[in-house]
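Participant: Let me see the structure of the following:
(4 chains)
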Number of protein chains: 2
Amino acid sequence: MANIKDIAKMCGVNPATVSRALNGQKGVSAAMRDKIVLAAQKLSYSKNPLAASLITRHSGMIGLVVPDITNPYYAYVAKGVSQVLDEAGYVIFLCDCDRKKELEKKYFEKLCSYRVEGVILLSLTATEEDLQIFFDQGIRVVCVDNHISKKVSTVCNDNYQGACDLAEHLITDCHSRKVVAVMGSPDAMTTINRLRGYKDTFAAHGLDKSIEVMTISSTYEEGYKVAPLALAKNPDTIIAINDTVALGIFAYCQQHNIKIPDDVRLAGYDDIEEAAMISVPLTTVHQRKYVLGQKAATQLLQELEDKDPTPIRIELLPKLMVRASCGELSAHNS
Amino acid sequence: MANIKDIAKMCGVNPATVSRALNGQKGVSAAMRDKIVLAAQKLSYSKNPLAASLITRHSGMIGLVVPDITNPYYAYVAKGVSQVLDEAGYVIFLCDCDRKKELEKKYFEKLCSYRVEGVILLSLTATEEDLQIFFDQGIRVVCVDNHISKKVSTVCNDNYQGACDLAEHLITDCHSRKVVAVMGSPDAMTTINRLRGYKDTFAAHGLDKSIEVMTISSTYEEGYKVAPLALAKNPDTIIAINDTVALGIFAYCQQHNIKIPDDVRLAGYDDIEEAAMISVPLTTVHQRKYVLGQKAATQLLQELEDKDPTPIRIELLPKLMVRASCGELSAHNS
DNA sequence: AAAAATTAAGCAAACGTTTTCAGAATTTTT
DNA sequence: AAAAATTCTGAAAACGTTTGCTTAATTTTT
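Facilitator: Sure, this is the predicted structure:
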């Protein structure tokens, strides 16, 4: 594997000159530069960024921490991050924490010891304290979806707004007046923000009493199981915390010959692949996961340029996907 | 950020001694070792593997190249890889090639320049020639699902065997005698191996004539579109190239009141999440994606130990998932 | 108790770069 | 044509480690 000295020897020149030539710096004649570049090609030289980073303190590496890469939500964010960082010439350290706090902590240390320049953090568990290790070393952090610390920028999907949009559609276009909202854990940020959006919107229409809440854990099976209980309340509409739960409810209805949207309307959240695939396509809220990753990466890159950046907060607006499961197909589709 | 010299100074000792102490090498007294370890803690020292790698030629980094991380198949493999490599103390460079050959090539070069110790390669496009850059630098490669070169080990899901198992079930348990196989691109390895499995098994039962092939591109929409054409042939069973296509066919049947499995049986391949979720759960073949990743990583680690490893081939046996869509629920379920 | 063997620690070079400083060569200005 | 300014190049130190060699100190053997 050829190095800078080999090139220097080949050109009868000092390694410093080679370095300058290859990095496009001033202070090397055009003739010499050409000669060096040619020699580099001939030796199929590729520079060792690790060695360079010792001096430059610029490793070109960025950490990407996710709770679980098999979750499509995180995978899409990762893809957005990857695309932007790759174009900027950075490489990505993938840290799949498997939703385990200890693993996450271990990864934080590893990222530090490898001298990453920045970190994109998707974490449900990390606290401001946990980030201290990055602050100590001047490693920039951008959080996604979870506002962990005032010291770092956060990029979020605006769950509140998405919920408001959906509720508005249900009230205005579908004339929903009796709603059961099947929500997840009451201290999950998703539940909190979405539920607030639903309630506020119904309240704004003077329909405070129209919405009743049920709490489950957010899985397909739980959705299936809760369906009869929700239906027992005789709602005109069921709002699920997410599409997976909605799909569970949908399966129950289908098996018990309850027609959607005629007997009851059904809405989800997230716009997962399957939402559009079922026999009555699901009205839901699309999250711009890929763009989320892109924005986070772009923000991080900007903060790396900046000597003393001020943390900001970016909220991405979600997109209401009106499909058949709440009726009123024509209204919003374009 | 404390380094080895700071510790040396603190303990009134030479950096070399600190290095030896911290790496648990011989030639440093127990007392001195304790003193050094304590000092290291006090300074919250963390070793710089980048600097060390210059000398040791052991970067602790491994490249993971995938066509598209948002595809759950690859994401699961990635997770298996991640888990094993993490436990072995390696870090992962994520390279999402976005199914673009140029990007893949660029990543290959980047991985080389960063001196990764090995690469786990999931590629649909790479050729033996493309791998030369790794061979030149003595970077070990393990391929997943695609046998690119005799010089490297490959870990695969055995599509042929999975197809045989499914066909056997259809013939023996479900008494299928007139089958339409809706397959993907005829030069895709998945189509080739699975179709071979189906045909061989039917032939083994003297049912050579029972299977008819249709070719589409492997998407949900194409599945939906091909459904009436397949049904027109009046089969007792439709085998789809994968679950996504099967889901498309399923949606068509449901909307046209064609009962599964009573009017026609339907089988998929892959066992994606949704397969178990639809109203008539889909009989399919489960791919052990996570294990695949684990095996690939384990194999790579072994080859890194070995001075001159011989490439091997590992075939993972898939698992038939008997569900309702082909009838005969009782037979295989346990 | 002396000789031999072992162990502990230091010194300095090395890994592949970048960068500061200084001197030499060239160009521009007067 | 001399002086000044500019451009080119080299020497050497630095980044944070590891490691081969050497010497000093300790332990074991005779």
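Participant: DNA strand D contacts on chain A?
Facilitator: A:12-17, A:20, A:26-32, A:51, A:54-55 (CB under 7 Å from any atom of the strand). In this view, the C-beta of every residue, glycine as well, is placed from N, C-alpha and C.
Participant: So which of those residues belong to helices?
Facilitator: Judged by DSSP state H, the subset of the residues of chain A next to DNA strand D located in helices is A:15-17, A:20, A:30-32, A:51, A:54-55.
Participant: Spatially central, which residue of chain A would that be?
Facilitator: Centrality entry for chain A: nearest residue to the mean C-alpha point is A:V77, 3.8 Å, by CA atoms, centre = their mean.
Participant: That one should be in a helix, yeah?
Facilitator: Yes: counting by DSSP: H, G, I helix; E, B strand; the rest coil, A:V77 falls inside a helix.
Participant: That one reaches A:L122, doesn't it?
Facilitator: Yes: look at A:V77 against A:L122 with CB atoms under 8 Å: they come within range, at 6.3 Å.
Participant: so what sits against both of those two?
Facilitator: Any residue near both A:V77 and A:L122 by CB atoms under 8 Å, 6 or more residues apart in numbering or on different chains counts here, and that gives A:66, A:144.
Participant: So stretch A:11-23, near chain B or not?
Facilitator: No: for stretch A:11-23, no contact with chain B is found by CB under 8 Å from any CB of the partner chain; the gap never falls below 12.5 Å.
Participant: Looking at strand pairing, list the partners for A:C156.
Facilitator: A:E315 (DSSP bridges).
Participant: Let me see the contact set for the residue of the stretch 101-250 of chain A found nearest DNA strand C.
Facilitator: Nearest residue of the stretch 101-250 of chain A to DNA strand C: A:R115, at 13.1 Å (CB to the nearest atom of the strand). By CB under 8 Å, 6+ apart, the contact set of A:R115 is A:53, A:57, A:59, A:61, B:48, B:50.
Participant: Please repeat the previous calculation with a cut-off of 6 Å.
Facilitator: A:S59 (CB atoms under 6 Å, 6 or more residues apart in numbering or on different chains).
Participant: so what's the residue nearest to the centre of chain A up against?
Facilitator: Counting by CB under 6 Å, 6+ apart, A:V77 makes contact with A:289, A:292-293.
Participant: Return the closest of the residues you listed with respect to chain B.
Facilitator: A:K289 (8.7 Å; CB to the nearest CB).
Participant: Can you give me every residue that contacts the closest one?
Facilitator: Contacts of A:K289 (CB under 6 Å, 6+ apart): A:73, A:76-77.
Participant: circling back to that earlier point, leaving out chain neighbours, which residue sits closest to the residue nearest to the centre of chain A?
Facilitator: Nearest residue to A:V77 in three dimensions, chain neighbours excluded: A:G293, at 4.0 Å (CB to CB, 6 or more residues apart in numbering or on different chains).
Participant: Just the mean pLDDT for the host helix or strand of the one you found, thanks.
Facilitator: For A:G293, the element it lies in under DSSP states H and E is helix A:289-305. What helix A:289-305 shows for mean pLDDT is 97.
Participant: How far off centre is that helix?
Facilitator: Offset of helix A:289-305 from its chain centre (CA atoms, centre = their mean, to the nearest Å): 10 Å.
Participant: With just CA atoms, put it into CSV.
Facilitator: Written as CSV, here are the backbone C-alpha positions of helix A:289-305 (Å, rounded to 0.1, in the frame of the first residue of the first chain):
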residue,chain,number,x,y,z
LYS,A,289,-38.8,10.0,7.9
TYR,A,290,-36.3,10.3,5.1
VAL,A,291,-36.4,14.0,5.0
LEU,A,292,-36.1,14.0,8.8
GLY,A,293,-32.7,12.2,8.4
GLN,A,294,-31.6,14.6,5.8
LYS,A,295,-32.4,17.6,7.8
ALA,A,296,-30.7,16.2,10.9
ALA,A,297,-27.6,15.5,8.9
THR,A,298,-27.6,18.9,7.2
GLN,A,299,-28.0,20.6,10.5
LEU,A,300,-25.1,18.6,11.9
LEU,A,301,-22.9,19.5,9.0
GLN,A,302,-23.7,23.2,9.5
GLU,A,303,-22.8,23.0,13.1
LEU,A,304,-19.5,21.4,12.3
GLU,A,305,-18.6,24.4,10.2
